[in-house]
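In: Prediction below, plus the sequence it came from.
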Amino acid sequence: MTKQEIGAILLKLREESGKSREEVAELLGKSVKTIGHWETGYAQPDANTLFLLCTIYGADLNAAFRFPSKNNATLNLTPDEQTLVTDYRRLAPPGREYVQQSLALALRSYSEKNNAVSELETAL
């Protein structure tokens, strides 16, 4: 992975977290210029700082950088699925409950439609 690719991911994570470069710089004790250099690929953070950045952004390091991990390798998640899992983990408990209820409702509706189609096909 190139410095530019790492930078693009860091920029995306920061923007998704709603944090400014100034906020991140203050949290890390770095300059705003340093944060900008990381995000443009001019430089890159060390491994420890990369972990801290992901923590600050509420992101899973393995999912964000598509590193194989025990969890996502076993489940064979697509990048879209990894993004969904990462976003879900960022939610507070009420948000997670809402997602779970919405998914249960969607699955129930889908199941009912499939049962109706199967009954119709059997009748024909």
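Out: On my side now, so go ahead.

In: what's the residue nearest to T2 when sequence neighbours are not counted sitting at in phi/psi?
Out: Of all residues beyond its chain neighbours, the one nearest T2 is G41 (6.8 Å), with distances taken as C-beta to C-beta, 6 or more residues apart in numbering. For glycine as for every other residue, the C-beta is placed from the backbone atoms N, C-alpha and C. G41 adopts backbone torsions of phi 90, psi 10, taken as degrees, to the nearest 10.

In: so how far is T55 from the closest residue to H37 other than its chain neighbours?
Out: Using C-beta to C-beta, 6+ apart and skipping residues adjacent in sequence, the residue nearest H37 is A43, 4.1 Å away. Using C-beta to C-beta, to the nearest Å, one gets 20 Å for the distance from A43 to T55.

In: Quick check: mean pLDDT of stretch 60-67?
Out: The average of the pLDDT scores along stretch 60-67 is 80.

In: helix or strand right after the least confident helix or strand in the chain by mean pLDDT?
Out: Across the helices and strands of the chain, mean confidence by mean pLDDT, DSSP states H and E is lowest for helix 70-75: a mean of 52. Sequence-wise, the next helix or strand downstream of helix 70-75 (DSSP states H and E) is helix 79-90.
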